[in-house]
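Enquirer: Build me a model:
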Amino acid sequence: MLNSIKDTLIVGLLDKLAVHHSVYRLPCTSEYLEELVADTLNENGMPNDWKPDRSHSVSIDMTLESGQSISVKSGRYDPNKGTLVISGSRLGKHETLEKMLESVVSTHADYYVCLAKADQDWSHIPSKIEVKTYHLFVFEASNLDYSFEHWSRKESKHGKGYKYVMDIPGMSATIRPTMSHQLWTTISCDIIGIPSKLEIV
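Expert: Below is the predicted model of the structure:
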């Protein structure tokens with residue numbers, strides 16, 4: 001299923017992103033990206049339950065008729081380091097780190113679809129004529145390990161705050177109270193694969 005999803009999106013998203021950039025210079029993100037992914041899958045024999053109502057459950061943006069769930073994300077790709085950076089849920093409503101991580105593990109989708117950008121590919125103010133380059137990752141959520149035992153609390157150098165951090169082979173992550181306890185994850189291509197490049201001229 002994973003390869004079918006990826007192969008379908010490589011072809012279908014390219015056409016839809018071309019339409020997006022015939023109107024917009026800014027990258028396609030958030031609900032607009034979700035809709036392009038959902039429509040591409042629908043049109044290619046993978047019906048799903050995505051609706052344009054912004055009311056999806058935490059971490060799951062759509063579920064295929066065949067049962068697999070998908071989380072759609074933008075992200076930042078660094079081809080020099082071979083890493084993808086993605087953001088996750090804001091976890092401040094949970095009282096402890098253990099409960100935060102339980103929430104992450106219990107609500108994750110089966111697959112991640114990430115349409116990432118590399119900083120060097122995009123101008124600060126994109127022009128109409130420049131090539132728009134995206135990097136498509138499709139991988140299983142089970143590749144990511146947020147287990148409680150990997151985490152520690154790290155105090156700031158000046159003693160005015162802290163963050164939770166983890167670093168294991170293939171991935172690292174942080175949860176910062178100063179950023180609404182949002183989860184940020186850096187993932188190596190060693191565990192999620194090299195992305196497919198999509199270029200819109």
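Enquirer: Who are the packing partners of the longest helix along the chain?
Expert: Longest helix in the chain, counting residues (DSSP state H): helix 2-23. Contact here means 3 or more C-beta pairs under 8 Å, 6 or more residues apart in numbering; DSSP states H and E; on that basis helix 2-23 packs against helix 30-42, strand 111-117, strand 132-140, strand 196-200. In short, each C-beta sits where N, CA and C put it, glycine included.
Enquirer: Now name the helix or strand holding the most centrally placed residue in the chain.
Expert: Among the residues of the chain, Lys73 comes closest to the average C-alpha position under C-alpha atoms, centre = their mean, at 3.1 Å. With elements taken from DSSP states H and E, the one containing Lys73 is strand 69-78.
Enquirer: Ok, Lys99 next?
Expert: Using DSSP H and E, Lys99 falls within helix 97-107.
Enquirer: buried set for that helix?
Expert: Leu97, Met100, Leu101, Ser103, Val104 (16 or more other C-beta atoms under 10 Å).
Enquirer: before we move on, what about stretch 82-90?
Expert: Of all the residues in stretch 82-90, those buried under the rule 16+ other C-beta under 10 Å are Thr83, Leu84, Val85, Ile86, Gly88, Ser89.
Enquirer: my guess is the last one meets Val105, correct?
Expert: This means Ser89. No. With contacts counted by C-beta atoms under 8 Å, Ser89 stays clear of Val105, the gap being 11.5 Å.
Enquirer: how close does the spatially closest residue to Thr63 that is not a sequence neighbour get to Ser59?
Expert: Spatially, and ignoring its direct neighbours in sequence, Thr63 is nearest to Ser69 (4.6 Å; C-beta to C-beta, 6 or more residues apart in numbering). Separation of Ser69 from Ser59 (C-beta to C-beta, to the nearest Å): 9 Å.
Enquirer: shared neighbours of the two, anything?
Expert: Residues within reach of Ser69 and of Ser59 at once, by C-beta atoms under 8 Å, 6 or more residues apart in numbering, are Ala109.
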